[in-house]
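give me a model of this one.
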Amino acid sequence: MKNLLTFLLLALVLSSCSDESSEDSGDFKPAITTLNLTAKVPTSLQSKSPVTWEQISTMEAYMNMGGMFMNQSNTKKTAKSLTSKVSLSASNYTWSVGDYVVDYSYKLVGEKYEYTYVITLKGDTYATINGWQNTNGTAGHWTYDINLSVVGVPSTSNFNIDFDWTKNNVGNYNFNMVFNMGDYGTMRYVSNINNDLSGDFNFYIDNELIYGSLWNSSGSGRFTDYFTDPPTITTW
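Sure thing, here's the model as predicted:
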């Protein structure tokens, strides 16, 4: 997990480095959806179910990571070697950070804003980030692939993150996040957060349910640890 966070941070830094000298062309700018998920659940969860609160905070961070990738205000200023615009709704930019080269492209396709990052190290693909978000803020997706063999780590330890979210017409959210960590296995986070502050959360390792929580709008709920036999249930 420590390695995963290190490589995530590296790609975040590479995809957001900037050069203040270039101009903003005024072309298409997406309305980036960022969420404060901890404000959408009862604050009592923080003390009554710290594990649930921590997992919701983690989900919030990865949800908003997609917005960081979409944020053109810095990306458009990078231009270490800025390529020409394709059109008002599609652009491509390339810049370098040390031996790394980042190629960023985005476009508006119907009702979706789509973006892609390809990060190479000395000509070999180190990471790719692909994502989209509905322009009306009702759904989004991003996937992140890291080829660790490029930095000398066995290819069986490659990482992949797949994140999906949706919002229905009454303001209820669903989140589904899968971490494929190569030799370290797979983790999955699934959560529903409703407009009345109620919701649920489940955490899986290699498709086995490890723990889950369920709470109502007033903050009462239960936490189940499925790692014990029989499962341990805690209510609050």
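
quick one: low-confidence ranges for the chain?
Along the chain, segments meeting pLDDT under 70 span 1-34, 66-90, 155-157.

now the helices for it?
Using DSSP state H, the helices of the chain run over residues 2-16, 45-48, 50-70, 72-75.

so who does the residue positioned nearest the centre of the chain touch?
By C-alpha atoms, centre = their mean, the chain has its centre lying nearest to Y62, at 3.5 Å. Neighbouring residues of Y62 by C-beta atoms under 8 Å, 6 or more residues apart in numbering: 161, 163, 177. Placement of C-beta: from N, CA and C, glycine included.

now do 7 Å
163, 177 (C-beta atoms under 7 Å, 6 or more residues apart in numbering).

what's the distance between it and F179?
9 Å (C-beta to C-beta, to the nearest Å).

check N160 too.
For N160 relative to F179 (C-beta to C-beta), the value is 8 Å.

more neighbours, those two?
Counted by other C-beta atoms under 10 Å, N160 and F179 do not tie: F179 has more neighbours, with 20 against 15.

so who does the more buried one touch?
If you count contacts by C-beta under 7 Å, 6+ apart, F179 has them with 161, 186-187.

of those residues, which is the most crowded?
I161 (20 neighbours).

neighbours of V153, just the number please.
There are 17 residues near V153, going by other C-beta under 10 Å.

list the contacts of it.
Per C-beta under 7 Å, 6+ apart, neighbours of V153: none.

of all the contacts of F179, which comes closest to V51?
Relative to V51, the closest of the contacts of F179 is M187; by C-beta to C-beta it sits at 14.3 Å.

specify the beta-bridge partners of the residue nearest to that closest one when sequence neighbours are not counted.
Excluding the flanking residues, the one nearest M187 by C-beta to C-beta, 6 or more residues apart in numbering is F179, at 4.4 Å. On the basis of DSSP bridges, F179 is bridged to I161, M187.
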